[in-house]
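Engineer: The following block contains a protein sequence and its predicted model.
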Amino acid sequence: MSESKTAARPEPSVQLLPGWAAYGAALVAFIVAGQTLTTRVREMYDSMNIELPVIAELPTAHPHAVAAAFVAIGLAILGLTRVHVARSADGLRAAAFGLAVLSAVAGAGFVFSSVFVFMKLQQSLIQ
Amino acid sequence: MTEQEELLELIPLLACGALEPHEKARARELLERHPEIHSHHSSYQELDGLLRRTLAPAPALVRRQCPFCKDDLRAAAEVLCAKCLTPHHKECFSENRGCSLLGCHGTRSVSADEPSLDVCPTCGEHTPSEAPFCAWCRTPLGGERAPRHARPIAVAEPPRDLPRFLAACAALLVAGLSIGWFFETRQNVLMDQVLAQGQQLEAQRFLKGAEAALLSLRDAEEIYRRGRGPFAFDSGNFYIEPYAGSMSDLAPIMSASRFEAPGYRIRLVLGQPSTFSGNAFVPLTTDGTPTSTSPIYTGTYVQGYGLPPATITPIYRYAALAVPTNDDERIRWNRLLPSAEEREGLFLDATGAITHVPPSGGRWQDVSIDPNTLSVIRNPGERR
C-alpha cells in the first residue's frame, strides 16, 4: 500500500504552445498572407520613385511564395497546439513560444512595410 | 586458605565479570595452576551466559510511525485524526490536508494541546474547528472537505476533436486572409487618392514654374524685338501668337482655321525646357518664311500631369511649332534641329507631323491638343 502511495505518478502533459499565442500568431500570419496577395506597394514605390525598403522587397518580388510561406507558418503554429509535452520541458515550450512571437514580429514588419510607403508619401507631399 | 579454596571463591565472580583487574589476573594464574577446576569455571560461564540472554530486554517489535511520512512519530509534534485516531505528525496532517489513512476522510485533528483543529484546504494551516474562516488565509471553511488523497482526480480535458480543430483553423485562415485583403484593398484606395493629390500638387508646381518661364520668354522676346526690329510679325495673317500664358491661350493657336499658313502647319512639340530656351521667339516674314533657321515656338505650357516617371527627365513641355509642309523645307528643318533634339528623336515626318522619340528609345509619340476640351491627346505610334 505504501508503494502505491509513494510511487511516482506520470507527469502531467501540457500544450507545447498556449492556444492564445498560437491563434494570435497564426492570425497575424494569415493577415500578412492576404495582404501580400493584394499588395500594390511596389507600384506605389515606383510611382513615387522611392527606393524599396529591404523588408518590402521580398513580398513584392515573390508575393505568392511569401503568402504561401506565411500560410504554412500559421498552420504549423496552430499544429503546435495539438502537441503535448511534459510540464518539465520548459525549453521546448519556450522555443515554440519564441517561434510564434518571431512569426508575429515578422508579420508585423511586413505590414509596416506597406504602411511605410504612406509615410513616404506624406513626407513627399509636405516637401 | 589454600589456593584451591581461593580459586573456588573467585570463579563465580570471574564468570560474571565482577573482579578487579588484579583479582582477575590472580584468578587466571590460579586456573593455570589447577586445571582440574576448569570444568567448574566452564559451568559458571555457561550459567552466566544463560542469565544474560534471559534477562536481556526484548527488542521492540512495533515502531510508532507517521502513516504519511513513515517517520518516527517521536520526531515531531503529534496529532490524532479526530475520526480514526490515527497519529500523525502535525505537519504531515497539515500537508495532506487531513488524515492520510486510506478510507478515512477526516480533516479534523486532536492533540494534547488543542481539543479540535481543522485543516484549511487552501493554506493547510491548522485553525480552530467550527471557525467560519481560516485564521490564516481567510478561506471559508464551510462545505465538505477531504484529504488530498480522497479528492476526486481532476479528469483531464479531453483533446478537442480533430474536425473541430480543423474547422477552427480554416475559419481563422479565411478570416485572416479576408482581413489582410480588406485592409490592403482599402490601403490601395487611399494610396490612389494620396497619389492623385500629389499629382495635382505637382502639376500646380509645374504650372507655376511655367508661368515664370513664360515671363522670362516674353522679356527675351521684347529685348529681341527692340534689338533687331522691325519684325514682320503679322498675327492677322499667320496667327502666330506670342507665347501662350496658359493652356487656354494655346487653344486658338491650335484651331485649324487660324494657324494654317502657306507651307506651314502648327504642331505641338514635346520637348524639354532646355530645348526651347534658346529659341524664344523667331518671327516669320509676311510670306510665311521664317527669318531664322530655328523652329518657331509660339507658346509653351507645362506637361504637368502625372508625376514624372522615374526613367524620364522631369518637366517635359509642349510648344506650338510652325513646321513646313513641303519636303525640302522639312528636310532642311530636320537638319537644323538642335543636336540634343536629334538624339532624343524630334523629327518631322512626311505629313508634317512632329514625332518624338524619348531618350530611352521608346515608341514614337505624336502629340496634339483638343481645342474644344483643351486636353492633350497623346497618340503613341507603333513605328520607330
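Structural biologist: On my side now, so go ahead.
Engineer: Can you identify each of the helices in chain A by residue range?
Structural biologist: A:2-6, A:19-37, A:41-48, A:54-61, A:63-80, A:90-126 (DSSP state H).
Engineer: By mean pLDDT, show me the worst of those.
Structural biologist: Across the helices of chain A, helix A:2-6 has the smallest mean pLDDT, namely a mean of 41.
Engineer: what's the most buried one of the helices of chain A?
Structural biologist: helix A:19-37 (a mean of 24; mean count of other C-beta atoms under 10 Å in any protein chain shown). For the C-beta atoms, the positions are set from N, CA and C on the backbone; glycine is no exception.
Engineer: which secondary structure elements does that helix contact?
Structural biologist: helix A:63-80, helix A:90-126, helix B:162-228 (3 or more C-beta pairs under 8 Å, 6 or more residues apart in numbering or on different chains; DSSP states H and E).
Engineer: so can I have JSON lines of those showing distance to B:Ala18?
Structural biologist: Formatted as JSON lines, those follow (distance: least, C-beta to C-beta, whole Å):
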{"stretch": "helix A:63-80", "distance to B:Ala18": "84"}
{"stretch": "helix A:90-126", "distance to B:Ala18": "71"}
{"stretch": "helix B:162-228", "distance to B:Ala18": "89"}
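Engineer: near chain A, which residues of chain B show up?
Structural biologist: For chain B, the contact set with chain A under C-beta under 8 Å from any C-beta of the partner chain comprises B:70, B:102, B:149, B:156, B:159, B:165, B:169, B:172-173, B:175-185, B:187-188, B:190-191, B:194-195, B:197-198, B:201, B:307-308, B:310.
Engineer: from those, which would you call buried?
Structural biologist: Listed as buried from those are B:149, B:169, B:172-173, B:176-177, B:179-181, B:183-184, B:187-188, B:191, B:194-195, B:198, B:307; burial here means 16 or more other C-beta atoms under 10 Å in any protein chain shown.
Engineer: still on that earlier bit, so which of the helices and strands packed on helix A:19-37 is nearest B:Arg145?
Structural biologist: helix A:90-126 (33.3 Å; C-beta to C-beta).
Engineer: now for the closest one, which elements pack on it?
Structural biologist: Right, helix A:90-126 is packed against helix A:19-37, helix A:41-48, helix A:54-61, helix A:63-80, helix B:162-228 by 3+ C-beta pairs under 8 Å, 6+ apart.
Engineer: can we see that at 6 Å?
Structural biologist: helix A:19-37, helix A:41-48, helix A:54-61, helix A:63-80 (3 or more C-beta pairs under 6 Å, 6 or more residues apart in numbering or on different chains; DSSP states H and E).
Engineer: A:Val14 touches A:Ala86, doesn't it?
Structural biologist: No - using C-beta atoms under 6 Å, A:Val14 makes no contact with A:Ala86, being 7.8 Å away.
Engineer: how much space between the spatially most central residue of chain A and A:Ala96?
Structural biologist: Note on chain A: the residue nearest the mean C-alpha position is A:Ser103, at 2.5 Å, using C-alpha atoms, centre = their mean. Applying C-beta to C-beta, to the nearest Å, the value for A:Ser103 to A:Ala96 is 11 Å.
Engineer: what does A:Leu75 give?
Structural biologist: 14 Å.
Engineer: Equivalent analysis for B:Glu78, please.
Structural biologist: 49 Å.
Engineer: on that earlier part again, can you verify my assumption that the residue nearest to the centre of chain A contacts A:Ile73?
Structural biologist: Yes - under the criterion of C-beta under 6 Å, A:Ser103 makes contact with A:Ile73 at 5.3 Å.
Engineer: tell me, what's touching the two both at once?
Structural biologist: Jointly contacting A:Ser103 and A:Ile73 under the rule C-beta atoms under 6 Å, 6 or more residues apart in numbering or on different chains are A:Ala29.
Engineer: before we move on, the earlier item: so which of the helices of chain A gets nearest B:Thr54?
Structural biologist: helix A:2-6 (36.5 Å).
Engineer: nearest to B:Leu30, of the helices of chain A?
Structural biologist: helix A:2-6 (60.3 Å).
Engineer: can I see the domain layout of chain B?
Structural biologist: B:3-54, B:73-150, B:203-380 (automatic domain parsing).
Engineer: Check the ones you listed for me: which has the lowest mean pLDDT.
Structural biologist: domain B:203-380 - the lowest mean pLDDT of the domains of chain B, at a mean of 45.
Engineer: Touching, B:Asn96 and B:Pro147? I think so.
Structural biologist: Yes - contact criterion C-beta under 6 Å: B:Asn96 and B:Pro147 qualify, at 5.2 Å.
Engineer: before we move on, back to that, and of the helices and strands packed on helix A:19-37, who's closest to B:Arg138?
Structural biologist: The closest approach between B:Arg138 and any of the helices and strands packed on helix A:19-37, judged by C-beta to C-beta, belongs to helix A:90-126 at 33.3 Å.
Engineer: report the angle between the axes of that closest one and helix A:19-37?
Structural biologist: 40 degrees (axes from the mean of the first three to the mean of the last three C-alpha atoms, to 10 degrees).
Engineer: Now do helix A:90-126 and helix A:63-80, the angle between them.
Structural biologist: 150 degrees.
Engineer: could you give the angle of helix A:90-126 to helix A:54-61?
Structural biologist: 90 degrees.
Engineer: Now do helix A:90-126 against helix A:41-48, angle only.
Structural biologist: 30 degrees.
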